[in-house]
Structure formats: C-alpha cells, structure tokens
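Asks: got a predicted structure plus its sequence, pasted below:
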Protein chains: 2
Amino acid sequence: MSDDDQELGITESKSHNTGEWYAEVVRKAGLADYGPEGMSGFIITRPRAYAVWERLQGFLDAKFKDTGVQNAYFPMFIPESYLEREKDIVEGFDPEVAWVTEAGTKELEERLAVRPTSESIITPYISQWVRSHRDLPLRVNQWCSVVRWEATETKPFFRTKEFLWQEGHTAHATSEDAWDETMTRLDQYESVYEDFLAIPVLKGQKPAHDKFPGADTTTTVEALMPDGKSVQGATSHHLGRSFAEAFDITFSDAEEDERTAHTTSWGLSWRALGALIMTHSDEQGLVLPPTVAPTQVVVVPIWQEDTKDDVLAYAEGVADDLDDAGIRVELDDRDERNPGFKFNEHELNGIPLRIEIGPYEVEDDELTLNHRPDGEEHVEAREGVAETVRDHLDTVYAKLYAAAEDTLDGEVREADDRAGILGTLGQHGGYVKTPWCGDEACEEPIKEPMAAEIVMVPFEDDDPLVGERGDGEGDAAGSDDDASHGETCAICGDPAERTAYFAKSY
Amino acid sequence: MSDDDQELGITESKSHNTGEWYAEVVRKAGLADYGPEGMSGFIITRPRAYAVWERLQGFLDAKFKDTGVQNAYFPMFIPESYLEREKDIVEGFDPEVAWVTEAGTKELEERLAVRPTSESIITPYISQWVRSHRDLPLRVNQWCSVVRWEATETKPFFRTKEFLWQEGHTAHATSEDAWDETMTRLDQYESVYEDFLAIPVLKGQKPAHDKFPGADTTTTVEALMPDGKSVQGATSHHLGRSFAEAFDITFSDAEEDERTAHTTSWGLSWRALGALIMTHSDEQGLVLPPTVAPTQVVVVPIWQEDTKDDVLAYAEGVADDLDDAGIRVELDDRDERNPGFKFNEHELNGIPLRIEIGPYEVEDDELTLNHRPDGEEHVEAREGVAETVRDHLDTVYAKLYAAAEDTLDGEVREADDRAGILGTLGQHGGYVKTPWCGDEACEEPIKEPMAAEIVMVPFEDDDPLVGERGDGEGDAAGSDDDASHGETCAICGDPAERTAYFAKSY
Ligand SMILES: [Zn+2]
Ligand SMILES: [Zn+2]
C-alpha cells in the first residue's frame, strides 16, 4: 500500500492522549480499519495484525495440544431455547445478543443467537459424548469469532462487537480435576503474555460478584496498560456443576454410580493484540517483540551509484543467511525510496531489528544493527550473522519485558482506607491493593465516584478453591498476599478476608 | 468416548446405499454430529474431522503464503446496502441469506446479512487500500465460516447451512494478471486433491450460465464420487471488472492514468472433507490417506500374561522411534480391550497403518504391518522402522490414489446425441463428454429428465480466456479436448463450440 511521507508520522502523544495515540498507531501501522457504515463497532483486521494473531494462535494451540485439548467446531448460532437453559448465561448475555430472525426469505420459528460464547451449544454435545468415567476428562476447544453487542465506544481489539478468540470447554469427574484444569489454562495464558508477548501479568480471581455468568470461580490474568488501566488478559472459569446440571452431563463412575460432571471454560481473545500494541508501541509507531513480529529483521542497503552493486550483493547475502537460519527477514532494496523513508516506515510497522549496510560495512565485513524499541546501535561482524541476530532479538525481547515489568512494579501501591484508595488511583492510576471484607457493597464507594473496581483478588493458601486441590499447589498459583488476614476492610472496617486490587479497567 | 462393540460395525453398503453408508461412517467414526433441534442443516465438527481440516488448512495455507497471499479477517456481517451494490451477488445469494435484524435488545435500522461470501465487504476495503499500480497485485484470504440457507437435505460436509472455508480475494492491474491468478489458485486446489487427499480431479470451467454471480469466468476442479456423481471440489473466479466497478477499485498506472482493476475470488470449503471421506472409506469405516490422518500409525501389542512385559517394552520402543522420526503414532496398550476390538476400532477410525507386535515379532526382531485400505500384511525387520514405515505410508497413499484414478478413468464416457447421453448417464453415472454448441438451452433436455447437468467444460487452446493470457499456457491448463471443433452439438446439431462434461452432481 502506498503511503505519502507525512502519513508515516504518529502525531498523538502516548502519555497524554493514550486513546488517540493508540487509534493512530492501529490505523497508520496498517493493523485495522473500522467497519463500514451501519456497522460501527466492527473492525477489519488487516494482514499485519492478523499475522500476529496467527503466531499467537500457533503458540497457544501447541500448548493446548500438548495438554490433551482437541480442536472442534460448533455452529455459530444457538437456538434461543438452548441459551435459556442455563439461567445465568441468558441473564448475563441476553442484552448483548445479535439475533437472526429471518433466513432464506422466511421468518424463523425460533430466534437464533449469534454465539456470544458457546457453553450453551457445546455442553449438550459433551453430555452425549460422556457416558463413563473413562471418557473424562473431555476437552474441546474452538478458534472462532463471537458477537457481543456492546454499546460503548469501539477500541480496535479491546472492544469490538465481533471478536476473534478461542474458547475451551472441558468436563471432569471431580471438582479438584476441574480446578486443576482451570489453573492449567490460566498458567498457559500467563505464559502467552510473559513468554510470548513480553507483558508481565498479575494472576488471581475475579470477585464473586464479577464472575462469568454461571461460574463458581472466574480466574484472570490482568495486564497494566501505559495509561494506568488494567486489561483482563484472559479468563479461565471453574463452572462447578451449573452447566453440567442444566445440560445433563452425567457419567457412571468406577462403581457404576451415576454422577454429575464438573466443567470449565476458558478463553483468550484478540484483546491480547490490543494489550500488545498498547504496551510496547511508541511515538514512532508499532513496536513488536521478535516472537510475534511477522518480519523480525529488515536489511536496508544504503548505496551511491558507484557502490550499488557491492552493497546490494552483500545485503542479499546477509538476508539469505538469515532466511536459511529460519529468521523472518525482509530485504528492502526498493529503488524509489531513500533510506530515511525506509527507516521511518519500518519503525512505524514495528520491525524489531534493522540491519543497515553501506559501503563501510562492506569494506569492514561488518553490519550496523539498530534495535527498534530504543534505537540502540551496534556494529557487529558479518561472520556468524544468524547467531548474532538471534542474540540481538533475544535482547530486544528482554528490553521490552523489562520495561513493562518496571512499569508494573512501580504501579502497584497500597492503601488502607477509602480516601487513600481514591487519592492514589486518582493521582497515579495503576493498581491499589487493599484489605477487603469480600462484600460487593465495599466496592461501590470506589466504583461510583471513580469508575475503578476490584479487577483481581490474588489466590491465597487458605482459599477454599486452592485448598480444595489438596496438593499444596496453592503457592504455585501466585499467593503472596496472605498478609490481609488480621487486617480490616479498607471501606467498612470489618475483618478483612482477602486482598483486593482496585484499578480502572478496559 | 466409550463405544459398545456392536457400534463399531458399519451396516450400510457403500455401493448400494451410498448416502446412508456415508452418514453412518460420519457418525460412527466420530467425524460429525447433527445440529440441535431448531437447527437442522447445521453440524458439529468433532475433533477427528477437525484435525483433518487443520492439516488441509496447513497444506493449502502454506501454498497461498508462498505465492503472495496474506491472511486477514473481515466482519461476519454485511449491511444489506453493501450486498445490493453488485446486482448479481444480491440476486444470486439473497434467497439463501440469514439476516440479523435485532441486536442488543433493539431492532436494527438496517438488516445485516450473515456473510454468504465476502466480496461485498472485502472489495470496498481493497478499494481503499489500492491507489497506485505499485499496490497491485493485492491479495487477501480469510479462513472463516459462511452461511447459506439451503433448503435441501443436509449431508455433513457436502451440504450444510454453515460451512467452513477459505475465501481469497485479489485485485490486479490487467485481465491477464487476474486470469493468471485464477489459474494459480485452481492449480493449487488441484494439488490439494491430488497430492494431499489422494483424489484425482478434472479441471475446467463452469458453463457461462452456471458461473458465480458477477463473475466473468468460474473455473472448477471436479471429483468423481463412488456413486457416480460429481463434486465441485473448489472454484476460482475471474470476476472481471464487475466488483471493481461496483466498489470503485481504481488505480493510477505508470503513466498516472486512472484505471479500473480486475479482481478474482477463489474458495475451498470443507466439502473437500466430504469428498475425502466418501472416496476412500469402506464398509469397515473411515479410510484416510496418511497425509491427512491425525494418527498415521497405531501400534497394537498382543500379549499373554507371561509375554506382557517383553511385548510392551518392545512396542513402546517402536512407538518411540516413530515418534522421534516425526511420524504421528499411537500406542494402544489398553488393558481392557482385546486386540480384535482394537483392530476394528482403529479400522473404523481410519488409521492408515497398523503395526502388530506379539511374542513372535519380539523373538524375531520383526514387525507385522497391516495396510488399512486393503488389509495387506507385511512382515518387516525392526531395524530402521521409521524408514520402513515411511515407505509403507507412501505405498498406502499410492494405493488410494491409484484406486480413485482407476475409477475416474473408467467413468468418463462419450456420447454424441441426447439418447446416448441419457442412456449412458442412466446406466453408468459418471461423466459423459459430448460436443456442445455452448447454449444453455441444450442442457435442458438432459437436466429436465435426469437431473444431470454440465458440470465442467475443459479449457481449450483457442479459449478466449486462455488465449487472453497470451503466453501459450493454454495447454498447461489441461486442454486436450479440442477435438470438438468440426463436430456438431449432441442436442441441437449446430456446430459444436466446446466439449461439455455432463454428470449428476452433489
Ligand atoms: Zn468491607
Ligand atoms: Zn446445442
């Protein structure tokens, strides 16, 4: 796509107008376009963003398959009567459902919901497939899109009426098994963020009043955005028996007794792309970690007429070596653009590493490397270029992760009364951790004036759900906040049961 | 999933009741279930079938990416006014569209079509992205599902109201470039069938009266099913300028003149899975070529109490060697099932190669291999098992292809008058090739009594479209049927312009 020079620049400030800056990066880096007239709230996912989504899919799908998950595909429509069979689901999603009422020139007898989530159509089939304890655990996942008719303003990838995601659905013989499953998926989501997207996350559960409709427990990974708001990065739900009872998932156990299964569901959406773009990008445009970047390295030859042949041949050799080593490399040998334009364009598009090759590099058998995130330059030997580039890509990843981790570490603060919570959130944003009695009513005095809420409650050793696992894995689930016991709720002064993380959120 | 013994058997005859036999294989081999009440025409794609679809995706997607295609994702809804902008599309698809009329508890101002195909929403964006000839060719593809509200009976994968597919959309500077694109994709579809699904296909174009709505030319690969009907395996359309004009895809050429682009679209759906299942399977159940089989080899140890340890250890070693070599292997060491049950189950589920290991094999350092398609047995040395197994998998593929090719070769017959066409189709099914004047009216006398139609017209050297390419590639497009010239139309007696292939079709 042709771009005029002035279009390459980002004009909005990341720190002052984060929302406008984000929208500008998404558009100018060719990540997404807005939907057509009549379809506000929908986006077109352009190839550069879709390629990142494909890489994320590959990473996560491999983890799923390694841990017993099989992919499947269920219809995109759910009959209204099915949606109604689990009362919390219908109450939770009904206001957001898009309905098909006419098809093939006729009015339908029963309205069909475009899936907002698929428990209501997947669970009845799991029920048919499960007869004996030998059929458990049963795990299916689908990569698809879902529709939720949100009224609030669109933000590409963060908030759209249709979004891409994966939704996993499993059935288990015991609640303990379902809890293990819930945590396995949560840990895999944590790994997507920390090991692949270079974004540290906080892991915990949602407060009871903010669970997925019908769930016993909703667990979450939360990521901090540069404007101090929290993003729910992915959720994993222990659904208890509510869906199994609504849709009759029973099995005969080893003693031939009939029992009801426990189910889970878990999902990660393209909101992960939104978090990725927003966390790392800057006022030159998109920044991507090398793990997900469609192009990891761009080689830019810089020549005069008399050096052109030598420089180009040298640059081609470098690109070939990298390509042979499995590194995703692009050689930008366009005649019609000057190096400065190319630098700007590749920075805008988020290529993590640039290799500049001019006559001096050719003469000295060297390369000049430039790290996208901070512009740091290194001169390296031509020999062993693939190994060198791999090291630099690792360094770029580490830089991005470290920067995001520094931000997160500095943005978790403590407060022990209402004024402290409101003041800290108002002044700094980020997370405020505070002792909490567990009552929804004690969220209101913060939520009402500030639009901040309890986004996460860390796991604790004596957590009924962690405890239920009975294997001492409570610690592994990230519990280091047991300090709340003995304290009093920051709002009502009753004994504190948990630690709550307040934040504004997307 | 637990299965009772009697459920493993296929009871219908492939040759006598092909439709019922197919439905039974689909259900008993765990490939698909029917949709819930209120959703007839929809299917649930179970993991075994979905895994085959994923492999097919991988094969085709790699070819696309090697030839300049980028994946993207567009909204699943299309505003009615967009659908109406290209008149042939709206006429062609309107009777099959599912409409969203309510969303978020409100009635929509404009109905939204659930995409039956995406030209009408993709083309306007291509129009925004193309400004100069440097932006061409522009190619995007998406893997998604589409909905067409067909009234006829459901046949899993062959005919469903929602189906998975890929749809590619491209824009080009010239008609010649668009024709090259059309043929590149058709050749890739041919390769999917012939090199990956072990199904030979016939390549040609649809008669003018059976083109995709709005297309200049629709090309097709056709596969013959065992009941003598033809399946349209995939289609690739040269859309001419109709969509570019309707949606304003213009570009400035090298002389800065404004020109209108030429576009193509091309798609392959999960109907390919239907053709795969129907072509190779038999009365023991599913048969899959090793290329697509989720499990390529099953190792079945056969032991008595006193030989159990030795046999199991040996079998595990074999499975490990195969796994290390990247072969998709499963070791079936279940205690609660006997070998006979296991053989039946793995045959039902279409595992291409079985390795049986008993005490004699252990003693002699050997393996007994069994080919799924024909039960042929081979005793082979234990040493070099990975290499041996690879050879046998290649042999299994070759057997499947050869059998399908023999069938196809025997099922192309000639006739030169109406009685001959009807008689041959009535007696044998398959294809009848015949000289044809090119007039739709001459299809009626066959279509009306027989429900057979012209499914394919082979490319010819003097074909206006082949000729337009101007590069002598007409031959490469599979034209060996120029014999029709000089002959007369089998129906009306006018001079024949083309060769027509009549067949019944899915
Ligand atoms: Zn309280
Ligand atoms: Zn005629």
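Replies: Noted; the coordinates are in hand. Ligands and ions are numbered 1, 2, ... in the order given.
Asks: show me the shaky parts of chain A.
Replies: The model of chain A has pLDDT under 70 over residues A:1-7, A:462-485.
Asks: residue closest to the middle of it?
Replies: Nearest to the geometric centre of chain A sits residue A:272, at 2.3 Å (Cα atoms, centre = their mean).
Asks: and the nearest residue to residue A:168 once chain neighbours are set aside, helix, strand or coil?
Replies: Using Cβ to Cβ, 6 or more residues apart in numbering or on different chains and skipping the chain neighbours, the partner closest in space to residue A:168 is residue A:141 (4.1 Å). (C-beta placed from N, C-alpha, C; glycine too.) When classified by DSSP: H, G, I helix; E, B strand; the rest coil, residue A:141 comes out as strand.
Asks: beta partners for the residue of the stretch 151-300 of chain A found nearest chain B?
Replies: Among the residues of the stretch 151-300 of chain A, residue A:162 lies closest to chain B, at 5.7 Å counting by Cβ to the nearest Cβ. Judged by DSSP bridges, the bridge partners of residue A:162 are residue A:147.
Asks: same question, residue A:298
Replies: The partner residues for residue A:298, given DSSP bridges, come to residue A:330, residue A:354.
Asks: put the alpha carbons of stretch A:150-165 into PDB.
Replies: This file holds the C-alpha atoms of stretch A:150-165, laid out as PDB (Å, rounded to 0.1, in the frame of the first residue of the first chain):
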ATOM      1  CA  GLU A 150     -21.700  -3.700  23.300                       C
ATOM      2  CA  ALA A 151     -23.000  -0.100  23.300                       C
ATOM      3  CA  THR A 152     -19.700   1.500  24.400                       C
ATOM      4  CA  GLU A 153     -17.200   3.100  22.100                       C
ATOM      5  CA  THR A 154     -15.200   0.800  19.900                       C
ATOM      6  CA  LYS A 155     -11.500   0.400  20.500                       C
ATOM      7  CA  PRO A 156      -9.900  -1.900  18.000                       C
ATOM      8  CA  PHE A 157      -9.000  -5.300  19.600                       C
ATOM      9  CA  PHE A 158     -10.000  -4.100  23.000                       C
ATOM     10  CA  ARG A 159     -13.700  -3.600  22.500                       C
ATOM     11  CA  THR A 160     -15.500  -4.600  19.300                       C
ATOM     12  CA  LYS A 161     -18.900  -6.100  18.600                       C
ATOM     13  CA  GLU A 162     -17.400  -9.200  16.900                       C
ATOM     14  CA  PHE A 163     -14.100 -10.500  18.100                       C
ATOM     15  CA  LEU A 164     -11.800 -13.500  17.400                       C
ATOM     16  CA  TRP A 165     -11.000 -15.700  20.300                       C
END
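Asks: report the distance from the helix or strand harbouring the residue nearest to the centre of chain A to the chain centre.
Replies: For residue A:272, the host element (DSSP states H and E) is helix A:271-280. Distance of helix A:271-280 from the chain centroid (Cα atoms, centre = their mean, to the nearest Å) equals 7 Å.
Asks: if we can go back for a sec, show the contacting residues for the residue of the stretch 151-300 of chain A closest to chain B.
Replies: Residues in contact with residue A:162 (Cβ atoms under 8 Å, 6 or more residues apart in numbering or on different chains) are A:42, A:145-147, B:75-77.
Asks: same check, this time on residue A:434
Replies: Contacts of residue A:434 by Cβ under 8 Å, 6+ apart are A:414-416, A:420-421, A:490, A:499-500, A:502.
Asks: what helices and strands are in contact with the helix or strand residue A:423 falls within?
Replies: Assigned by DSSP H and E, residue A:423 belongs to helix A:418-428. Packed against helix A:418-428 by the contact rule (3 or more Cβ pairs under 8 Å, 6 or more residues apart in numbering or on different chains; DSSP states H and E) you find strand A:431-436, helix A:444-450, strand A:498-504.
Asks: so after the second one, what's the next helix or strand?
Replies: If I follow you right, that is helix A:444-450. strand A:452-456.
Asks: need the residue in chain A that's farthest from the chain's center.
Replies: Chain A, Cα atoms, centre = their mean, max distance from centroid: residue A:306 (49.4 Å).
Asks: quick one, what contacts it?
Replies: So residue A:306 contacts nothing (Cβ under 8 Å, 6+ apart).
Asks: show me what counts as buried in stretch A:449-459.
Replies: Across stretch A:449-459, burial judged by 16 or more other Cβ atoms under 10 Å in any protein chain shown covers A:452-459.
Asks: reformat the residues you listed as TSV; add distance to residue A:406.
Replies: Output for those, formatted as TSV (distance: Cβ to Cβ, whole Å):
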residue	distance to residue A:406
A:452	23
A:453	25
A:454	25
A:455	20
A:456	20
A:457	25
A:458	21
A:459	24
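Asks: quick check, nearest of those to residue A:102?
Replies: residue A:453 (39.3 Å; Cβ to Cβ).
Asks: pretty sure that closest one sits against residue A:447.
Replies: Yes: at 5.0 Å, residue A:453 counts as touching residue A:447 under the criterion of Cβ atoms under 8 Å.
Asks: could you tell me which residues touch both of these two?
Replies: Joint contacts of residue A:453 and residue A:447 (Cβ under 8 Å, 6+ apart) do not exist.
Asks: thinking again about what came up before, quick one: which of the contacts of residue A:162 is nearest ligand 1?
Replies: Nearest to ligand 1 out of those is residue A:146 (Cβ to the ion; 35.1 Å).
Asks: what's the single longest helix in chain A?
Replies: Ranked by number of residues, the top helix in chain A under DSSP state H is helix A:385-410.
Asks: relative to helix A:418-428, how tilted is it?
Replies: 140 degrees (axes from the mean of the first three to the mean of the last three Cα atoms, to 10 degrees).
Asks: tell me the helices and strands packed up against the next helix-or-strand element following helix A:385-410.
Replies: On the C-terminal side of helix A:385-410, the closest following helix or strand by DSSP H and E is strand A:412-414. Judged by 3+ Cβ pairs under 8 Å, 6+ apart, strand A:412-414 is in contact with strand A:431-436.
Asks: the strand it packs on: partners in the sheet, and parallel or antiparallel?
Replies: Partners of strand A:431-436, by DSSP bridges, with direction: strand A:412-414 (parallel), strand A:498-504 (antiparallel).
Asks: out of the ones you listed, deepest packed?
Replies: For the strands paired with strand A:431-436, the largest average neighbour count (mean count of other Cβ atoms under 10 Å in any protein chain shown) is found in strand A:498-504, namely a mean of 25.
Asks: and for that strand, what's in contact with it?
Replies: For strand A:498-504, the surrounding residues in contact (Cβ under 8 Å, 6+ apart) are A:202, A:204, A:207, A:222, A:224, A:228-230, A:412, A:421, A:425, A:429-436, A:438, A:443, A:446, A:450-458, A:460, A:481, A:483-484.
Asks: switch to 7 Å and redo it
Replies: The contact list for strand A:498-504, computed with Cβ atoms under 7 Å, 6 or more residues apart in numbering or on different chains, reads A:202, A:228-230, A:421, A:425, A:429-436, A:438, A:446, A:451-458, A:460, A:481, A:484.
Asks: just the CA atoms of it, as CSV, please.
Replies: Presented in CSV, the C-alpha positions along strand A:498-504 are these (Å, rounded to 0.1, in the frame of the first residue of the first chain):
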residue,chain,number,x,y,z
ARG,A,498,-8.9,-11.1,51.1
THR,A,499,-6.7,-8.6,49.4
ALA,A,500,-8.4,-6.7,46.6
TYR,A,501,-6.7,-5.0,43.7
PHE,A,502,-8.6,-1.9,42.6
ALA,A,503,-7.9,-0.4,39.2
LYS,A,504,-9.7,1.3,36.3
